[in-house]
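Engineer: This is a predicted model, with the sequence first.
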Amino acid sequence: MKEIKIFAPATIANISCGFDVLGCCLDAIGDEMIVRKSPDKGVKITKITGATLPYETKNNVAGVAALALLDALNFEIDYGFEIEIYKNIKPGSGIGSSAASAAGSVFAINQLLGKPFSKIELVAFAREGERLACGSPIADNVAPAIFGGFTLVKSTNPLKIIELPTIDELYTTIIHPQIEIKTADSRAILPNDIPLKKAVKQWANVGALIHALHTNNASLFADSLTDYIVEPYRSKLIPDFGLVKESALKAGALGCGISGSGPSIFTFSKNKQVTENVAIEISKTYSKNKIPFHVYVSKINLEGIKIINS
Ligand code: HSE
């Protein structure tokens, strides 16, 4: 195989109560990437469309993740790779833009090499892209991009990822206000310490959410989608977050929260009709302010990154 074209999906990190540990993978939103072998050793970013991003390999998340993979092989291969990135996920949108590029790059190179690395190893390489993007090697977006479905980052050192089941007929509606929030900035406003009482409520919700996924219990899932710790700080950065949440829940959503570090807001709902209703109602709510926005509806993507052709 000389060349591969892939779909690198958007992801929702945190899922309300699971800051830095929970995430899920989306079907309807994602980038495309073409990666090909080249006679020149190393990694070259040869094309980027849809966003203004650095071409220098060491400054590009896809490049850095690819270098981490090659480093694990001691760069002992006698060819290199060219990467083309066709962005559909806006950087700074909160739906895993950097994760899609980093995960996509290492997934594609692994395929071209004949799959020497496991999914968990690919997550470890892709985290290096996240380290470049926001200063922390977070894995809660790259894990669901690579594994698909819902994932839990059980630990980061050593890296352990747990794959979780999903709820039947689960959809997400995402509203993306066209403002940019840098992950590093929205991490910087969070407190270092949290009161024990809040922590207790939060980890009860994380446990309940995992149980809800395993037992396909939509009402327990809904009841667990509360974030006592991060949302109170970050919601201030997102205009009309409270109004969107109110209208989503009124329209039948199971829950609503900040996607990753924002500004995107996610909602979950159980069937297509309710989901369409949620999309209509939150769009109406957001149309009342002057900020342009996009709304996406997606099923949960159980597969993760998809090969378009090779
Ligand atoms: N868990 C990370 C955060 C995800 O919320 O900062 C960033 O998309």
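Structural biologist: Yep, it's here.
Engineer: The longest strand seen in the chain: how far from the chain's middle?
Structural biologist: As assigned by DSSP state E, the longest strand anywhere in the chain is strand 22-38. Its chain's C-alpha centre and that of strand 22-38 lie 10 Å apart, by C-alpha atoms, centre = their mean, to the nearest Å.
Engineer: May I see the buried residues of that strand?
Structural biologist: Across strand 22-38, burial judged by 16 or more other C-beta atoms under 10 Å covers 22-27, 29-38. C-betas here are computed from N, CA, C, even on glycine.
Engineer: Max pairwise distance over these: which two?
Structural biologist: 22 and 38 (37.6 Å; C-beta to C-beta).
Engineer: Tell me the residues of the stretch 51-200 of the chain that contact the ligand?
Structural biologist: Contact residues (C-beta under 6 Å from any ligand atom) of the stretch 51-200 of the chain with the ligand: 138, 140, 141, 183, 187.
Engineer: Then the stretch 201-310 of the chain?
Structural biologist: Counting by C-beta under 6 Å from any ligand atom, the residues of the stretch 201-310 of the chain that sit close to the ligand are 260, 261.
Engineer: how close does the residue in the stretch 201-310 of the chain positioned nearest to the ligand sit to residue 141?
Structural biologist: Using C-beta to the nearest ligand atom, the single residue of the stretch 201-310 of the chain nearest to the ligand is residue 260, 2.8 Å away. As for residue 260, its distance to residue 141 is 6 Å (criterion: C-beta to C-beta, to the nearest Å).
Engineer: Common neighbours of those two, please.
Structural biologist: Shared contacts of residue 260 and residue 141 (C-beta atoms under 8 Å, 6 or more residues apart in numbering): 11, 13, 96.
Engineer: The ligand: which of those is nearest?
Structural biologist: Looking across these and measuring by C-beta to the nearest ligand atom, the closest to the ligand is residue 13, at 3.8 Å.
Engineer: How many residues are close by that closest one?
Structural biologist: 30 (other C-beta atoms under 10 Å).
Engineer: Surely it is in contact with residue 260?
Structural biologist: Yes: the criterion here is C-beta atoms under 8 Å, and residue 13 meets it with residue 260 at 4.2 Å.
Engineer: hang on, residue 127 in a helix?
Structural biologist: Yes: counting by DSSP: H, G, I helix; E, B strand; the rest coil, residue 127 is located in a helix.
Engineer: so what pLDDT did it get?
Structural biologist: On the pLDDT scale, residue 127 is placed at 97.
Engineer: For it, list the residues it contacts.
Structural biologist: Applying C-beta under 8 Å, 6+ apart, the residues contacting residue 127 are 65, 102, 137, 138, 139, 142, 159.
Engineer: of all these, which comes closest to the ligand?
Structural biologist: The ligand lies nearest to residue 138 out of the contacts of residue 127, by C-beta to the nearest ligand atom, at 5.0 Å.
Engineer: For the closest one, give me its contacts.
Structural biologist: Per C-beta under 8 Å, 6+ apart, neighbours of residue 138: 13, 20, 127, 130.
Engineer: a markdown table for the residues you listed, including secondary structure?
Structural biologist: Compiled in a markdown table, the contacts of residue 138 are given as follows (three-state DSSP):
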| residue | secondary structure |
| --- | --- |
| 13 | strand |
| 20 | coil |
| 127 | helix |
| 130 | helix |
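Engineer: What is the most widely separated pair among those residues?
Structural biologist: Among these, 13 and 127 lie farthest apart (C-beta to C-beta), at 12.7 Å.
Engineer: domains in the protein, as residue ranges please.
Structural biologist: For the chain, automatic domain parsing gives the domain ranges 3-164+302-309, 171-299.
Engineer: circling back: so which of the contacts of residue 138 would you say is closest to residue 198?
Structural biologist: residue 20 (15.8 Å).
Engineer: just the strands in the stretch 51-200 of the chain please.
Structural biologist: Secondary structure of the stretch 51-200 of the chain (DSSP state E, counting those that start in this stretch): strands at 80-86, 150-156, 159-164, 171-177.
Engineer: Which strands border the second one, and is each parallel or antiparallel?
Structural biologist: Counting by DSSP bridges, the strands paired with strand 150-156 are strand 22-38 (antiparallel), strand 159-164 (antiparallel).
Engineer: Can you mark which positions in that strand are buried?
Structural biologist: For strand 150-156, by 16+ other C-beta under 10 Å, it's 150, 151, 152, 153, 156.
Engineer: now the third one
Structural biologist: Using 16+ other C-beta under 10 Å as the burial criterion, the residues of strand 159-164 that qualify are 159, 161, 164.
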